[in-house]
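Trainee: Fold the following for me, if possible:
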Amino acid sequence: MAMLLLGLLLAWKWQLLGGLVPLGGFVLLVSIEGRRPPGVSGLYLWPVAVGVLNLLCWWILRARVPADVVAWAEAWQSRLTTALYGNSALYRAAVVGRWVGRIAGTLVALFYLSFVVGEGPPPLFRLGLQQDLVFFATATLFVGLILAWKWELLGGLIPLAGFVLLFLVGYARLVMNRPYVLPAAIAGLNVLCWWRLKAGPPAGGAEWRVPKQVLAVVGVCVTAFAALCANEIFGNPPLMTPSFRPPAAMAGEWRKVPMGAPVARVPADPDWRALNVAFTIHPDGSVTGQVGDAAVLSGRMAYNRSWFGKLMNWRLKYAVHGKLDHAVRGSGGFILADQFTAPLTMQGRYLSGALYFKRRVLHVALVKELATDERR
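Mentor: The predicted model follows:
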């Protein structure tokens, strides 16, 4: 796989090798698999196509080319150079793109770092080599975008290297998802803008900068957006969250969904199966009940997001925060914690979400116990 992808870089110096090495890597991959590899479905075909193109161009260029073909190629090269370096609109677009890449890359990097800080870094020394490489590649992909403020080329190449590393360690399907394609696209924008701006303004043109007033307005908007995101991520509950009073359909006793329930998705976690979970939501928003053999103390239900979180579709709508009278033990004697947070969403008679302890997360599925008159 490394031959298939990295062999393409050889074309910058040796075009023949830039075609033969990727094709050799593809043949080796097919021979090792012993059947048609997954890449034949489209994921690996683009480096194979580029390798074939390198071979074709090498074969054409080494042959004796007629003079009229050389003149035609030089004319098109001149037109392309004029279009790229003599166009003032393209130059200004590259200046604007530089700022777009810087600001968007910073927001994406901060969004990634907020999750790392909030969830805590993974135990790298206890993970395998592949998991360590995945974390390193992901951090490179996101955090490397910040380098564009000082070194625009590195702010593009380093994240793209992280993107390729994720691909190489076996996460090809993962990197094609939107959260990973977005930072890779920003990194590509950084490289393109650097490539255009390194040549300077068009001949006879003056250097152009984005007006300071525009940058000031954009800076205020970005700062406000970052503050709203930080409030939504770290606030428990976030600021500007409205006061909560449970509706009549929510007040009452909620118990763990029994196995085989036809409506709700029952979690398969062994710790969840072993725990006896029951919440009683009172009309004033207080929550009592039990988690395992521990009673819920000073439990409280509240909205889990502000208007901004609802707009961005972040978090579940409700959350229960509570403390237990003693620490709960999961399956195998593993101590969960004596405090918990349970973000939940309501669908008819069912509450579903997660039960967060200090070092453990359990998926939750609760069903409301019907009152006597409701059963009739």
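Trainee: now what about stretch 106-113, what contacts it?
Mentor: Outside of stretch 106-113, the residues within contact range by Cβ atoms under 8 Å, 6 or more residues apart in numbering are 138-139, 142-143, 145-146, 149, 182-183, 186, 222, 225-226, 229. In this view, the C-beta of every residue, glycine as well, is placed from N, C-alpha and C.
Trainee: Could you dump these into JSON lines with neighbour count, distance to residue 78 and secondary structure added?
Mentor: JSON lines is the format used below for these (neighbours: other Cβ atoms under 10 Å; distance: Cβ to Cβ, whole Å; DSSP: H, G, I helix; E, B strand; the rest coil):
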{"residue": "138", "neighbour count": "22", "distance to residue 78": "43", "secondary structure": "helix"}
{"residue": "139", "neighbour count": "16", "distance to residue 78": "44", "secondary structure": "helix"}
{"residue": "142", "neighbour count": "26", "distance to residue 78": "41", "secondary structure": "helix"}
{"residue": "143", "neighbour count": "20", "distance to residue 78": "41", "secondary structure": "helix"}
{"residue": "145", "neighbour count": "29", "distance to residue 78": "35", "secondary structure": "helix"}
{"residue": "146", "neighbour count": "18", "distance to residue 78": "38", "secondary structure": "helix"}
{"residue": "149", "neighbour count": "14", "distance to residue 78": "35", "secondary structure": "helix"}
{"residue": "182", "neighbour count": "16", "distance to residue 78": "36", "secondary structure": "helix"}
{"residue": "183", "neighbour count": "26", "distance to residue 78": "36", "secondary structure": "helix"}
{"residue": "186", "neighbour count": "26", "distance to residue 78": "32", "secondary structure": "helix"}
{"residue": "222", "neighbour count": "14", "distance to residue 78": "41", "secondary structure": "helix"}
{"residue": "225", "neighbour count": "13", "distance to residue 78": "44", "secondary structure": "helix"}
{"residue": "226", "neighbour count": "15", "distance to residue 78": "46", "secondary structure": "helix"}
{"residue": "229", "neighbour count": "18", "distance to residue 78": "48", "secondary structure": "helix"}
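Trainee: pull the longest helix from the chain.
Mentor: Secondary structure assigned by DSSP state H gives helix 88-119 as the longest helix of the chain.
Trainee: Please spell out which residues along that one are buried.
Mentor: Across helix 88-119, burial judged by 16 or more other Cβ atoms under 10 Å covers 91, 94-95, 97-112, 114.
Trainee: Repeat that for stretch 296-307.
Mentor: Across stretch 296-307, burial judged by 16+ other Cβ under 10 Å covers 296, 299, 301-306.
Trainee: Among the residues you listed, find me the one that's closest to residue 160.
Mentor: Using Cβ to Cβ, residue 305 is the member of the buried residues of stretch 296-307 that sits closest to residue 160, with 34.2 Å.
Trainee: can I assume that closest one sits in a strand?
Mentor: No. Under DSSP: H, G, I helix; E, B strand; the rest coil, residue 305 falls outside any strand and is assigned coil.
Trainee: Next one, pLDDT for it please.
Mentor: Residue 305 is assigned 89 on the pLDDT scale.
Trainee: show me what contacts it?
Mentor: Under the criterion of Cβ under 8 Å, 6+ apart, the contact list for residue 305 reads 232, 237-238, 241, 314-317.
Trainee: where does it sit relative to residue 60, distance-wise?
Mentor: If you measure residue 305 against residue 60 using Cβ to Cβ, to the nearest Å, the figure is 60 Å.
Trainee: Then residue 69?
Mentor: According to Cβ to Cβ, residue 69 and residue 60 sit 10 Å apart.
Trainee: Ok, residue 185 next?
Mentor: 32 Å.
Trainee: Would you mind telling me which of these two has more residues around it?
Mentor: Under the neighbour definition other Cβ atoms under 10 Å, residue 185 and residue 60 were set side by side, and residue 185 has more, 15 against 10.
Trainee: OK, contacts around the more buried one?
Mentor: Applying Cβ under 8 Å, 6+ apart as the definition, residue 185 turns out to have no contact partners.
Trainee: Can you classify it by secondary structure?
Mentor: With three-state DSSP as the criterion, residue 185 was assigned helix.
Trainee: Which pLDDT value belongs to it?
Mentor: In this model, residue 185 is scored at 91, pLDDT.
Trainee: what sits against residue 11?
Mentor: Taking Cβ under 8 Å, 6+ apart as the criterion, residue 11 is in contact with 17-19, 54.
Trainee: With residue 299 as the reference, measure out to it.
Mentor: Following Cβ to Cβ, the distance that separates residue 11 from residue 299 is 64 Å.
Trainee: same check, this time on residue 154
Mentor: According to Cβ to Cβ, residue 154 stands 50 Å off from residue 299.
Trainee: Please work out the average pLDDT along the longest helix of the chain.
Mentor: Helix 88-119 shows a mean pLDDT of 84.
Trainee: One more: stretch 227-240?
Mentor: 84.
Trainee: List the buried residues of it.
Mentor: In stretch 227-240, the ones that count as buried by 16+ other Cβ under 10 Å are 228-229, 231-233, 237-238.
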